[in-house]
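K.L.:
here's my sequence, what's the structure:
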Amino acid sequence: MTFRNGLDSLLRPEDSVLVLIDHQPYQLANLNSHDPQMVVNNTTALAKCAKVFGVPTILTTVIAARGGDLFPHVSEVFPNQEVIDRTTINTWEDPKVVEAVKATGRKQLVIAGLWTEICVAMPALQAAGEGWDVTVITDASGGTSVEAHEVAIQRMIAGGINMMTWLALASEWQRDWARAETAIALNDALRDHLGGSAIAYLWEQQLLNTEVPSVAA
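P.N.:
Residues are numbered from 1 along each chain as shown. As a prediction, the model looks like this:
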């Protein structure tokens with residue numbers, strides 16, 4: 001086995017391309033590995049982070065006329081962008097999607113989708129076998145059961161695929177808070193999706209902008 005370690009193994013925004021797969025009502029209705037609200041939140045946060053870092057993002061659905069449109073929370077992050085609608089269960093067998101990914105010139109392929117055991121595992125395994133450096137964002141994905149999600153993750157790890165969560169990815173893309181060109185925009189993107197940490201950040205901003213009362217002599 002080739003171990004994934006060292007500085008070059010970390011994800012870089014200039015080398016990444018994100019593919020969001022089948023975040024649709026039909027799939028969400030039978031999502032049982034995660035709280036559905038959490039997956040919508042995490043996927044939206046992932047999309048916003050990709051936009052902050054200028055990471056090309058491919059949006060794709062399967063038979064949207066029957067399964068429903070892409071979550072508006074996500075599509076609104078990329079207004080006027082085409083959502084590629086497929087008939088193939090395996091996204092990587094749709095030439096239009098693959099061509100869109102290749103056109104970016106990136107080799108670090110980041111994937112999230114519903115369901116993990118089908119719509120994520122199939123393209124991830126195929127792409128990895130074709131030489132792509134594949135990372136799956138597990139908490140912006142989900143399966144029909146906890147078992148289905150976890151077995152899919154095990155299967156993909158065995159296939160050499162990297163696993164991360166959305167916040168870990170955002171941190172890896174940022175890497176250094178001295179990168180001011182993205183630091184403020186990233187914090188703004190995280191504000192609505194990071195729960196207690198986001199509230200603490202807003203509190204910190206309040207304290208920094210609150211005048212300290214003078215002490216009477």
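K.L.:
closest to the centroid, which residue in this structure?
P.N.:
residue 46 (4.0 Å; C-alpha atoms, centre = their mean).
K.L.:
contacts for the strand or helix carrying it, please.
P.N.:
Element membership for residue 46 (DSSP states H and E) is helix 36-52. Residues outside helix 36-52 that contact it (C-beta atoms under 8 Å, 6 or more residues apart in numbering): 16, 18, 20, 23, 28, 31, 55-57, 71, 73-74, 77-78, 112, 114, 137, 139-142, 165-167, 169-170, 173, 182, 185-186, 189-190, 192-194. (C-beta placed from N, C-alpha, C; glycine too.)
K.L.:
select only the buried ones of those residues in ChimeraX?
P.N.:
In ChimeraX, this line selects whichever of the contacts of helix 36-52 come out buried by 16 or more other C-beta atoms under 10 Å:
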select :16,18,20,23,28,31,55,57,71,74,77,78,112,114,137,139,140,141,142,166,167,169,170,173,182,186,189,190,193,194
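K.L.:
mind checking pLDDT for residue 193?
P.N.:
With respect to pLDDT, residue 193 scores 86.
K.L.:
sorry, back to before: roughly how far is the helix holding residue 46 from the heart of the chain?
P.N.:
Counting by C-alpha atoms, centre = their mean, to the nearest Å, helix 36-52 is centred 6 Å from the centre of its parent chain.
K.L.:
for this protein, what spans make up the strands?
P.N.:
Assigned strands in the chain, in chain order: 16-21, 57-62, 84-86, 108-113, 133-137, 162-164 (criterion: DSSP state E).
K.L.:
pLDDT averaged over the fifth one - what is it?
P.N.:
Okay, so that is strand 133-137. This predicted structure assigns strand 133-137 an average pLDDT of 98.
K.L.:
what's the angle from the helix holding residue 46 to strand 16-21?
P.N.:
On the basis of axes from the mean of the first three to the mean of the last three C-alpha atoms, to 10 degrees, helix 36-52 is oriented at 150 degrees to strand 16-21.
K.L.:
so helix 36-52 versus strand 133-137, what angle?
P.N.:
Using the same axes, to 10 degrees: helix 36-52 against strand 133-137 is 140 degrees.
K.L.:
flag every buried residue along helix 36-52.
P.N.:
39-50, 52.
K.L.:
want to throw those residues into TSV with pLDDT?
P.N.:
Below are these laid out as TSV (pLDDT from 0 to 100):
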residue	pLDDT
39	98
40	98
41	96
42	97
43	98
44	98
45	97
46	98
47	98
48	97
49	97
50	98
52	97
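K.L.:
now flag whichever of the residues you listed is closest to residue 62.
P.N.:
Closest to residue 62 out of these is residue 43 (15.9 Å), distances taken as C-beta to C-beta.
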